[in-house]
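J.: turn this into a structure:
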Amino acid sequence: MFSAVLELTKYRLSISVLFSSIAGYLIAINTFSIETFMLLISGGFFLIGASNGFNQVMEKHTDALMDRTKNRPIPSGRIGAKSATFICLAMMLIGIILLYLINFRTAFFGLISALIYLFLYTPLKSKTPLCVFFGAIPGAIPFMLGWVAATNKFGIEPGILFMIQFFWQFPHFWSIGWLSDDDYKKAGLKMLPTGKKDKSTAFQIVFYTIWTILVSLIPLSGFSGSFTISNISGLLIFLAGLFMLSKSINLMLYMNNLNASRLKYASIFYLTFIQTIFVLDKFIV
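T.: So this is what the prediction gives:
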């Protein structure tokens, strides 16, 4: 039962999303607070896990149709939809309370993230490719949430963190959508911007990769409030961006799953790398 609940939360994904919140917190802090840090980690995990679980409750029928999701706890029968709903509701309430103990803004943005994910992104997946746009909003909030938790303020700095992760999600999730296109079509889900693996989709992936790189370099501009980075860090981020861009261009040139897979892993590397650089720049450079 415990392992099924863990799978319900998509715990690996939840932990990776938490990494963004932790990075945002470390970038923002002047003084480290173990209490705030632990509340952010625990509250964030409960809220993200609950959102992932509710998503599986809502998509139990489509999950059963796809090879990549048919063995999830609900379609495989290891946990009932009613039990999953109760567990996720409890987890969401705990998560919101823990984030509220940090400050109201952290709980507010956390709740907004969950609501958009569940009531816009999830139902729109079967209706329009614009679902990815709406899904990118809650996907971008965790990075800025760490800053809000540390400062109890929302301004240009968390706005930049939000934009970085917002634009990054388009090439990342469209590469996944490219790889899983046949599976998504079985369930009637519309994940690619044109609805198919064509040149237009590949071009949009390149386009949003370029935007991801550009917004990642805003802290070099001097128009980013207290969120600034050194020239060395900027160069490293730019080089990592060129690496990701090369994978996007290769996908546009060759239009195959191999290059989509390479882009997927390059995008994961890019986000993890730049978040690490942002943190190291604050404490070392």
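
J.: packing partners for the strand or helix carrying Ile160?
T.: Assigned by DSSP states H and E, Ile160 belongs to helix 156-179. Counting contacts by 3 or more C-beta pairs under 8 Å, 6 or more residues apart in numbering; DSSP states H and E, helix 156-179 packs against helix 11-28, helix 131-151, helix 199-216, helix 231-254, helix 257-283. C-beta: built from backbone N, CA, C; applies to glycine.

J.: out of those, the one nearest Pro75 is which?
T.: For Pro75, the closest of the helices and strands packed on helix 156-179 is helix 11-28, at 17.6 Å, according to C-beta to C-beta.

J.: what element comes up after that closest one heading to the C-terminus?
T.: Next along the chain after helix 11-28, taking DSSP H and E as the criterion, comes helix 34-58.

J.: got the angle for that next one vs helix 11-28?
T.: Here helix 34-58 points in a direction 140 degrees away from that of helix 11-28 (axes from the mean of the first three to the mean of the last three C-alpha atoms, to 10 degrees).

J.: show me what contacts Phe223?
T.: Taking C-beta atoms under 8 Å, 6 or more residues apart in numbering, we find Phe223 in contact with Ile156.

J.: check the secondary structure at it for me.
T.: coil (DSSP: H, G, I helix; E, B strand; the rest coil).

J.: that one and Met255, how far apart?
T.: Distance from Phe223 to Met255, counting by C-beta to C-beta, to the nearest Å: 38 Å.

J.: just to revisit the earlier point, next helix or strand past the helix holding Ile160?
T.: Later in the chain than helix 156-179, the nearest helix or strand by DSSP H and E is helix 181-186.

J.: so for that following helix, what gets flagged as buried?
T.: For helix 181-186, the neighbour count (16 or more other C-beta atoms under 10 Å) marks 181, 183-185 as buried.

J.: run a quick neighbour tally on Ser200.
T.: Around Ser200 there are 14 other residues, counting by other C-beta atoms under 10 Å.

J.: what do you get for Ala28?
T.: Neighbours of Ala28 (other C-beta under 10 Å): 21.

J.: so what's it up against?
T.: Ala28 sits next to 146-147, 149-151, 157-158 when contact means C-beta under 8 Å, 6+ apart.

J.: next one: Ile41
T.: By C-beta under 8 Å, 6+ apart, Ile41 lies in contact with 18, 21-22.

J.: and of those residues, the nearest to Met91?
T.: Leu18 (14.2 Å).

J.: contacts only, for the closest residue in space to the closest one that isn't next to it in sequence.
T.: Nearest non-adjacent residue to Leu18, counting by C-beta to C-beta, 6 or more residues apart in numbering: Gly44, 5.2 Å away. Contacts for Gly44 (C-beta under 8 Å, 6+ apart) come out as 17-18, 21, 95, 99, 110, 142, 145.

J.: which two in these are spaced the farthest apart?
T.: Greatest spatial distance among those (C-beta to C-beta): Val17 and Leu99, at 13.9 Å.

J.: count of residues packed around the nearest residue to Leu271 once chain neighbours are set aside?
T.: The shortest distance from Leu271 to any non-neighbouring residue, by C-beta to C-beta, 6+ apart, is to Trp168 (5.6 Å). Applying other C-beta under 10 Å, we find 27 other residues in the vicinity of Trp168.

J.: any idea how far Trp168 is from the most centrally placed residue in the chain?
T.: Nearest to the mean C-alpha position of the chain, by C-alpha atoms, centre = their mean, lies Gly139 at 3.5 Å. Going from Gly139 to Trp168 by C-beta to C-beta gives 9 Å.

J.: need the contact list for the residue lying closest to Lys10 once chain neighbours are set aside.
T.: Leaving aside its sequence neighbours, Lys10 sits nearest to Asn52 (C-beta to C-beta, 6+ apart; 4.2 Å). Listed by C-beta under 8 Å, 6+ apart, the contact set of Asn52 reads 8-10, 13-14.
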